[in-house]
Each structure stands twice: as C-alpha cells, then as structure tokens.
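**Q** coordinates only, sequence not included:
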C-alpha cells in the first residue's frame, strides 16, 4: 500500500495525468476482477470528467420536455381519444451497468401512460425495442418499467419486439440507397409512436431508436456490414459514421410513414458511489480509507468463485442520474441530446497515442445478466467500443498497439449466446475475414430455425448477432498493428481472434515497444466510467 | 415480412418424439392401452403387469435401446390391430396432445418457414405417431411397426428397428431417396441414445437433453433448445 504521492504531474486538464516515478499504481478492470498495475513513467492516463450534477427534479424535467418539445406539438396536443399509440422502449443494453431503481424509463412511462389515459387513449402497447438483441426476461422488464406499468400492461400490451415474426413485421419501403426499411407492424399501424430512449453514449438515440430498435434482420443487414463499420470513422461521432448515415436514411423513411414523438434522456457518468465511490477517483488522490476499501474488495473478489464474482458485480447497480431530457421530432431532439452527451463524456486530449492500454470490464451491452463476457464480446469491447471512444481523430494512431486486460476465458452463455458458440468454434478457425464470413455464413445463421426459435421464444440473441460483433471490431482490427491481451487464462481464444497474450502488463508494454519504439507514447483509458476523447 | 422466400431448398428437419416434442414416452402409450382392455379385470391385470415391469424396462433401456424395444414390445403380444388403431386416436387426444411441449409446434413452424422438410423419426409405434404427425403438420413420419399375424400382434417389431444407429441409417436412406442434403439438415433429440442421428446432420440440436447429451452438446458446441 502506498502513501499519497503529490508529485504526480497533473496537466492543465484535471482528467489527464502523466505517470511519474512515484505515481500510484492504477486500477484496471480485468473481467470480474481488478488489476493494480504500475504504469511506465510518462504514460498518459485519461480519466472521465466528473459527473455533471443530476437534475434535482427528473419528473419535472420530463414533464417540461413533453410540454416544450423540439419542432413538434406538445405530447398532449397530439393525443385524441380512441387513437392507437405504441410506446417503444430501449432495452436492457442500456444503461451499463443497470441503473438503480426507479429506472428513468419507469419515470417517463408513468408520466406518459397517465397522460394517455387522461386523454382517452386506451389502445396503447408498450414494446421493448430489442431489435435483434435477446428478449428481456420478465423480471428484467418489470425492473425497468416499474410495478405500476407492469401490472397495468403485462403481458398483452407490454412485450418484446420480435424481428422474426412473419405477421408482426412490415416493409415500409427502401431508402434512396436501396436499404430496406422493415419495422414492427404494430408501431407502423399506430397513429402515434412514442420512443423512450436512454442515451449513454452518442451512438444511441436519434434515428437509431426506431430505425434499428424496431427493425428486422433484412433491414439491419443493410448497414451492419464490415464495410460500413470500416467506413465509420467513429461510432461515437455520427457525423463521420457510415453506419449512422445509413441508419439516418432508414429512420427518415420510417418517419415518413410513422409519426414518432421522441423522448431522449442523457445520463451522467456516476457509475459508482457509496462504498465504491473511490472508483471514480484518480488513484493519486486516494485516501487510506479508499486504499483499504479497494484492497478489501479485491481480496474478496480473489476468494470468490467466478459465478459469485459475476453475480455480485451484476447486482451492483450504477448511480446514474438524469442530466437532461428532451423531446419532440427526431433530429432536433437528438442534436440537443448529443451536445449534452459530449459535454459529459468528451475529454480534450492532445495528440494520438502509439500504445493504448485499457481494462475490459465484466459487462457489455450484450451480456447483461449473462453467465460470462465471452471472447467475442471481449473483442467487441476492445476493438468495437473502446477503440471507437473518440470524436474526429482516433486516440490510437493507425498502426498503433492496443493492450487490453481480461482473462478472455472460453466461456459462453448457452441460453443468451448459442449462435456465438458455433460462430466462435466453427467459423473463426476457418476464417477471420469479416467479408468472407458475411458472404458465406451470415444468412445461414440468421435463418437457422433453431436459432430463430431460440431468439423468438427463448432469450437468445439472433443467429446473425455474433457476425455483427465480429464486424464491430473490423475497423479496430484493420487499424491496430497488434492487440495484446494481458492476463488471459488461455491462449486459444485470443489467438483465434488474432491477438497475442502477455503474462503481465510490463511484458505487454515491452512487446508493444518492440513495434512502436522505446519512445512510444503510451496512453491508458481509465474507465469505466465511460469517457470518449476529442483528440486535438 | 420481407423474407417470404424459404432459405433452404434441399434440407430436412428430423425430430425424435419422446422427450423431444412430447413430455411422455412409449411406456405411457402402452399404459394407456393396458388400461383399456375389454374387461375391468383384464385392464387391472394389464396395468399391474405394466407397472411391475417398469424397473425392468428402465434397466433394459440403460443397457441398450434395442434390448428395451425387444423386451417392451412383447407386451403388445395378442393385441388386435384394429383395436390398437382405433384407440390410437383416443391415445393422442387424451395422452399425447396435452403433453406436447408448448414450443414444439413453433419450432416446426420456424423450420418449415425456412424451407425444410419436416420428418418425425421415432421409436414409438407407427399407429400412435400418425395422429401426432397429422396434428403437427409434418411431411413424413418414420416409426417402428409391430408385426401382426392374422390381425394380432406377435410382440415383435418389423425390421428395421427405428433406434440408435439405425435411425441414422434410415435418415441417410431417406435423404438419398428425397434428394435431401444432410449437411444442410437439422436433427432434434433429447437423448444421448440418439447421438447417431445428430451426428449425420450438419446442424445437430439437443432438445431438453439428458445429462449425457447436454454434456456432449456442450463439448461439440451444439445448440441446446428448451421447448418446455
């Protein structure tokens, strides 16, 4: 245990620290545990911004947004007795980790449903906009919408979207680029669709809400391709993302047929509080109590079996607070949401890195309440999400080396990720080329009746989902010269994905310097909480 | 929906029945017949005999499905063919239909929508499978056939016995005759004893599997479906 070291140099920006000879070791996530690592002198550590203050009265903010929407009439003015309304809701992939109750969606739904009832609107369905994600379990839906809404609507009028239901989907047309626009029939046939969104990162919300959340496989196929991923300079910067452009085109066609009232919310980044509040701090600022808490937590996690560690972490909700709520027409509403999002998450950084170090946590958008973060999802967290956590210029320069910390165990959840297992063990040994995989196998998995059945009536991700996970990492794969996994408990899984392994962070840094030179600029992204960089 | 065109043209889906599509097995079917004898006394006697034989059946099944079949179908000796056929409809309505797994029909519908031929392949008796096949809307069913002499069951099965490795052979023959590509076909079963039928197709799937099959499915990365 070390004393506080005041000599660590803090740059002009409080969230960027340069490691000195006697800096404190840094805490890094490594799956369901943590590593405490001394970083090389000169390493730049980028911390998230401090959480913006949450709105004092979220329900008042929601009501204000409904009554003062962007470029649309207030919600109450859109309502007529007897009309048909569908409320679509973001699924469990947001936020991460799950937030404390009451969930923001519950707060919005209680207000909106009451308003609908007051205006004589009784034909109301609530659809969890899962797209090709797994169906949410009953207890998860109940937790998100709250008891009042659950009791009133479940199960006939509150249910998961089903992208493979031949009677439940409808084609609305094509975009000028020929992208098919297929959406949920109930939503398409409604007089009004209300979309309840949570924005955690700038990739969420906007046209993605309806354009992706309620779409079918053939529609998603148009933009979830290796090509569009490679052409997306960053997922987190919609203005330079081919993926976002395609989704926008699809969303615009959808909204020519459907009247959609968007309700978007932005959360701050208060991922940890209470006994875990030290996780929000710079390690140099730790008090003795903070250090004790960390070591006690790590000691406990070291002693616990994997399943118990996982359960413990999954059951620790985040203390997110709402920092903004906007409503109205899609694009003006989302523009305000994005601005607020960047205000919370974007950190100014000078210059790119040659070597990027980042810890991979236990959770991703696709394994909430699953039994493991399987290797494909480790890959999507590293090369899909963390590589893309930038606006304009990538933090890691082209040809740079990425170092991640995760056990990368060969563990899959057979209920949530059955097609991932076949993809990983049957297809990846044959080829890791995303373009070949797309052409040769994607449809086979998408229309495999076993996977369709598991998606529609079980709780499995759609058969094509592992392909998207692999594509998600395509730009990162093409831009990084090496990916080194520290702390992997096996060599097979990382090797299958084209990665190297190292026994320690020091070894990984030596390997990276072998490629990038002794004077390589090393940067560590210190998250969670989530942050994204604005490289100058 | 956009994908109206079936994706598979030369594929089939082969389903085991007992434990896979329905909760019950052939012993339940026999118990039904045993309890519906011409007189109350013979019904009671047959039921008692069946109950007493259950441990023996269980032990035989553990050793070999072929032994089990040979032993078990002797119980039908002397039964009249017409009677068995007529009672099969009642057996289906009273015993089989309430025990079809809730998601079995949905699985068959998904598979049909994908363009696969639907085939039941079961060690149960053909006359008991006929109403089920009709109800589920499958294209073909392959089941064991009792040998009859002068209209009465001899207690022996006609060959080939539909079980174990023979199921796989029957599937190969079926595929050859119908132009089905087994590499692009599916097989669904709950029991490790049906491992051969899973091994001959490109897409094996364990359904409500026993412990041994679950373990094999995990090792071979086969999907595991729960239809209950």
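**A** Okay, I see it. Being a predicted model, the structure only gives us computed values, none of them experimental.
**Q** average pLDDT for whatever helix or strand residue A:105 lives in?
**A** Secondary structure assigned from DSSP states H and E places residue A:105 in helix A:104-118. For helix A:104-118, mean pLDDT is 98.
**Q** remind me, longest strand of chain B?
**A** Using DSSP state E, we find that the single longest strand of chain B is strand B:117-125.
**Q** gap between that one and the chain center?
**A** 5 Å (Cα atoms, centre = their mean, to the nearest Å).
**Q** ok, then the element right after that strand?
**A** Heading C-terminal from strand B:117-125 (DSSP H and E), you reach helix B:126-136.
**Q** what is the orientation angle of that next one with strand B:117-125?
**A** 150 degrees (axes from the mean of the first three to the mean of the last three Cα atoms, to 10 degrees).
**Q** Check whether helix B:126-136 comes near chain A.
**A** No: Helix B:126-136 lies apart from chain A when judged by Cβ under 8 Å from any Cβ of the partner chain; the minimum separation is 14.2 Å. For the C-beta atoms, the positions are set from N, CA and C on the backbone; glycine is no exception.
**Q** Repeat that for stretch B:193-207.
**A** Yes: counting by Cβ under 8 Å from any Cβ, chain A is contacted by stretch B:193-207 at B:203, B:205.
**Q** Give the helix, strand or coil label for residue A:29.
**A** strand (DSSP: H, G, I helix; E, B strand; the rest coil).
**Q** Return the set of residues that bridge with it.
**A** Applying DSSP bridges to residue A:29 gives these bridge partners: residue A:34.
**Q** Let me see the ranges of the strands in chain B.
**A** B:12-15, B:117-125, B:140-144, B:146-149, B:152-157, B:186-189, B:203-207, B:224-225.
**Q** Next one: the nearest residue to residue B:140 once chain neighbours are set aside relative to chain A, how far apart?
**A** Spatial nearest neighbour of residue B:140, excluding adjacent residues (Cβ to Cβ, 6 or more residues apart in numbering or on different chains): residue B:119 at 4.8 Å. Residue B:119 is 13 Å from chain A, where distance means Cβ to the nearest Cβ, to the nearest Å.
**Q** Residues in a beta bridge with residue B:119, which ones?
**A** Beta-bridge partners of residue B:119, as defined by DSSP bridges: residue B:14, residue B:140.
**Q** Test my guess that it contacts residue B:174.
**A** Yes: using Cβ atoms under 8 Å, residue B:119 is in contact with residue B:174, at 6.8 Å.
**Q** Common neighbours of the two, please.
**A** Counting by Cβ atoms under 8 Å, 6 or more residues apart in numbering or on different chains, the contacts common to residue B:119 and residue B:174 are B:12, B:140, B:142.
**Q** At which residues are the helices of chain B located?
**A** Listed in chain order, the helices of chain B (DSSP state H) span residues B:26-34, B:40-63, B:65-73, B:81-91, B:104-113, B:126-136, B:164-178, B:195-199, B:211-220.
**Q** How many residues are close by residue A:348?
**A** The criterion is other Cβ atoms under 10 Å in any protein chain shown. On that basis, residue A:348 has 13 neighbouring residues.
**Q** Look at it and report its pLDDT.
**A** pLDDT, residue A:348: 94.
**Q** Same question for residue A:490.
**A** At residue A:490, the pLDDT recorded in the model is 97.
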